[in-house]
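**Q** predicted model follows, preceded by the sequence.
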Amino acid sequence: MEQPLWVSSRLSGVVGPGLGSFGRLTIANEAVSFSPEEGMNRWMTAEEWHDPVIHVKKTMIVLVARLVPPNLNSALILEGDPERGAGLIASVRMPSWDRRAAVAALGGAGFEPLRLHTWFSLGGDISSEMELQGFLRRHGVDPSNS
């Protein structure tokens, strides 16, 4: 991965079928990745997950939960490329002030942020491509265009 445009560490995420993890989100021109940080995960979770989730699709789903406090109300949905890392869906959570910086970096890296407003959901229940497509349909987005 080339020089990143934005990096944030110690973010929490839900990866695949309910695997909680703490890690580092990196936004670069060709990919967005969420990599676990071993120290935080060793102390805070019992999960054994080590491969990064690397998103290469140009559309990036950005969730904003309206009824959640601003320090917990945002998430990026990464669709992992199995040829480059874990082929899983990850919901990487962040506060609103990090979301603004991340969305600006996504635009600068050539990604198209697709902002969806929900009442509470930050995508933690999305663990497969089929569930992601259903989530998009429920929010009025044609999955074939994202």
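**A** Arrived safely, thanks for sending.

**Q** next SSE downstream of the worst-scoring helix or strand of the chain on mean pLDDT?
**A** When each helix and strand of the chain is scored by mean pLDDT, DSSP states H and E, helix 38-44 comes last, with a mean of 60. For helix 38-44, the following helix or strand on the C-terminal side (DSSP states H and E) is strand 53-55.

**Q** quick check, distance from that next one to the centre of its chain.
**A** 9 Å (Cα atoms, centre = their mean, to the nearest Å).

**Q** buried residues, the helix or strand following that strand. List them.
**A** Downstream of strand 53-55, the next assigned helix or strand under DSSP H and E is strand 59-65. By 16 or more other Cβ atoms under 10 Å, the buried positions in strand 59-65 come out as 60, 61, 62, 63, 64, 65. Placement of C-beta: from N, CA and C, glycine included.

**Q** please name every helix or strand in contact with strand 59-65.
**A** Packing contacts for strand 59-65, counted by 3 or more Cβ pairs under 8 Å, 6 or more residues apart in numbering; DSSP states H and E, involve strand 74-79, helix 96-108, strand 112-118.

**Q** tell me the mean pLDDT over that strand?
**A** Averaging pLDDT along strand 59-65 gives 96.

**Q** what residues does that strand touch?
**A** 32, 72-78, 91, 96, 99, 102-103, 106, 111-123, 136, 146 (Cβ atoms under 8 Å, 6 or more residues apart in numbering).

**Q** quick one: strands adjacent to it?
**A** Strand pairing for strand 59-65, using DSSP bridges, gives strand 74-79 (antiparallel), strand 112-118 (parallel).

**Q** next one: that strand to chain centre, how far?
**A** 8 Å.

**Q** do the same with stretch 13-25
**A** 9 Å.

**Q** also stretch 60-80?
**A** 8 Å.

**Q** quick check: end-to-end length of that stretch?
**A** 12 Å (Cα to Cα, to the nearest Å).

**Q** in the chain, where is pLDDT below threshold?
**A** Residue ranges of the chain with pLDDT under 70: 1-2, 16-18, 38-50, 146.
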